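1. sequence plus predicted model, see below.
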Amino acid sequence: EAKARGKGTWVRYTDEMGARISAEAELIRELRDAIGAAQFELVYQPIVRLSDDRLTGVEALLRWNHPARGLVSPVQFIPVAERTGQIVAIGRWVLATACRQAASWVRDHPELSDMSVGVNVAGRQLREPGFVAEVARVLNETGLPAACLTIEVTETAVLDDQESLDALLALRALGVRLALDDFGTAASSLGLLLTTPVTTLKLDRSFVESITTVGRQAAVATAVSQMAGALELKSVAEGIETPEQRDLLLGLGYEYGQGYLFSRPVPAERIVEMLERPAWVSAG
Ligand code: C2E
Ligand code: MG
Ligand code: MG
Ligand code: MG
């Protein structure tokens, strides 16, 4: 009986694995077509100064408009694209599109000369030879000032890796800003702060979620804010959904915030409307 059950379990397991593998193979094929078929688009999420809710920048977030499946979340395809290397081509499109867009905002709104567009970059992209040269070329071609671009990398993308570190140093030398994304979620983040030339820490959303009720989340958020201050880094709190979270994070010393309280990620046209208002009053 045990043997039969064992065998049954094994068979079921294989079927599931097989289904997963062929679903992934299909995803990979579809990703290959998606770039050529212009199925990707970028949405932009405001980053605001917490003291006055003023928009100081945006983060570009990728969306895949799949002909049959509808909008596919980046969480579902970025990890696959990283494994296959397709992220390199996709990321190239993201960088060029976001910089072209931001350059036009800065051009049309001189008061935005110090705004910044955040572009997420996977470890695989950062280690690709020629990545820094490509960033330099895109800045040059679009006319976007280097300081108006913030490259967002996660701790895991740059952990213990000389190639990544060299790329980050070269990007800083260009004048590009560097944000450590999802800060606090990966292992061994503190030594990284001494070796990587980051300019910004983005406190991960998981520490903000229950910050008003879970003292331990507030304790971590406090420590990150103090560290950012001591190291003269900008601090951004991600995933702010309520006025209470905003007020608490402001009190803890966070300068900037991002989250549904201020705005969900929106198409570029909506950002222009927001920019044309001197300061928009958020839901709080
Ligand atoms: P991320 O870089 O940490 O981006 C923030 C994510 O949090 C976005 O999810 C955003 O929509 C979501 N978010 C923002 N505010 C709130 C909030 O108040 N509440 C909640 N629940 N969520 C909030 P999104 O757009 O689904 O992106 C997920 C992740 O996919 C990103 O996390 C980033 O790691 C990756 N990603 C997105 N676009 C790109 C890209 O162009 N290239 C690469 N390599 N990765 C990307
Ligand atoms: Mg990000
Ligand atoms: Mg993030
Ligand atoms: Mg995140």
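-> Looks like it arrived, so ask away. Numbers count the residues shown, from 1 in each chain. Ligands and ions are numbered 1, 2, ... in the order given.

2. could you pull out the helices for the stretch 101-250 of the chain?
-> Under the criterion DSSP state H, counting those that start in this stretch, the stretch 101-250 of the chain contains helices at 123-126, 131-142, 155-158, 162-174, 190-195, 215-230, 243-251.

3. could you dump those helices to CSV with mean pLDDT?
-> Shown next, in CSV, are the helices of the stretch 101-250 of the chain (pLDDT from 0 to 100):
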stretch, mean pLDDT
helix 123-126, 94
helix 131-142, 98
helix 155-158, 84
helix 162-174, 95
helix 190-195, 84
helix 215-230, 92
helix 243-251, 96
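
4. what separation do you get for the residue of the stretch 151-284 of the chain found nearest ligand 3 and residue 73?
-> Nearest residue of the stretch 151-284 of the chain to ligand 3, counting by C-beta to the ion: residue 181, 4.2 Å away. Just so you know, the C-beta spots here come from the backbone N, C-alpha and C atoms, and that holds for glycine as well. From residue 181 across to residue 73, the span is 17 Å (C-beta to C-beta, to the nearest Å).

5. which one's more surrounded, these two?
-> Neighbours were counted for residue 181 and for residue 73 using other C-beta atoms under 10 Å; residue 181 has more, 26 against 11.

6. next, format the helices of the stretch 101-250 of the chain as CSV and append distance to residue 51 and mean neighbour count.
-> Shown next, in CSV, are these (distance: least, C-beta to C-beta, whole Å; neighbours: other C-beta atoms under 10 Å):
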stretch, distance to residue 51, mean neighbour count
helix 123-126, 33, 21
helix 131-142, 30, 17
helix 155-158, 28, 21
helix 162-174, 27, 16
helix 190-195, 25, 12
helix 215-230, 14, 16
helix 243-251, 7, 18
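
7. relative to ligand 1, which of those is closest?
-> Judged by C-beta to the nearest ligand atom, the one of those that comes nearest to ligand 1 is helix 123-126, at 6.8 Å.

8. contact residues of the chain facing ligand 1?
-> Residues of the chain lying near ligand 1 by C-beta under 6 Å from any ligand atom: 45, 61-62, 73-75, 78, 87, 91, 94, 120-122, 152, 181-182, 205, 239-241, 258-260, 265.

9. same list (the helices of the stretch 101-250 of the chain) but as CSV, adding distance to residue 82.
-> Output for these, formatted as CSV (distance: least, C-beta to C-beta, whole Å):
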stretch, distance to residue 82
helix 123-126, 5
helix 131-142, 14
helix 155-158, 9
helix 162-174, 14
helix 190-195, 20
helix 215-230, 26
helix 243-251, 31
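
10. next, format the ones you listed as CSV and append distance to ligand 3.
-> As requested, the helices of the stretch 101-250 of the chain are arranged in CSV below (distance: least, C-beta to the ion, whole Å):
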stretch, distance to ligand 3
helix 123-126, 15
helix 131-142, 20
helix 155-158, 11
helix 162-174, 17
helix 190-195, 16
helix 215-230, 13
helix 243-251, 15
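
11. closest to ligand 2 out of those?
-> The nearest among these, by C-beta to the ion, is helix 155-158 at 11.0 Å.

12. so the closest one, near ligand 2 or not?
-> No: Helix 155-158 stays clear of ligand 2 (C-beta under 5 Å from the ion), getting no nearer than 11.0 Å.

13. looking at this, residue 64 is in a helix?
-> No: if the criterion is DSSP: H, G, I helix; E, B strand; the rest coil, then residue 64 is strand and not within a helix.

14. distance check, the residue nearest the centre of the chain against residue 73.
-> The C-alpha lying nearest the average C-alpha coordinate of the chain belongs to residue 120 (C-alpha atoms, centre = their mean; 4.2 Å). Look at residue 120 and residue 73: by C-beta to C-beta, they are 13 Å apart.
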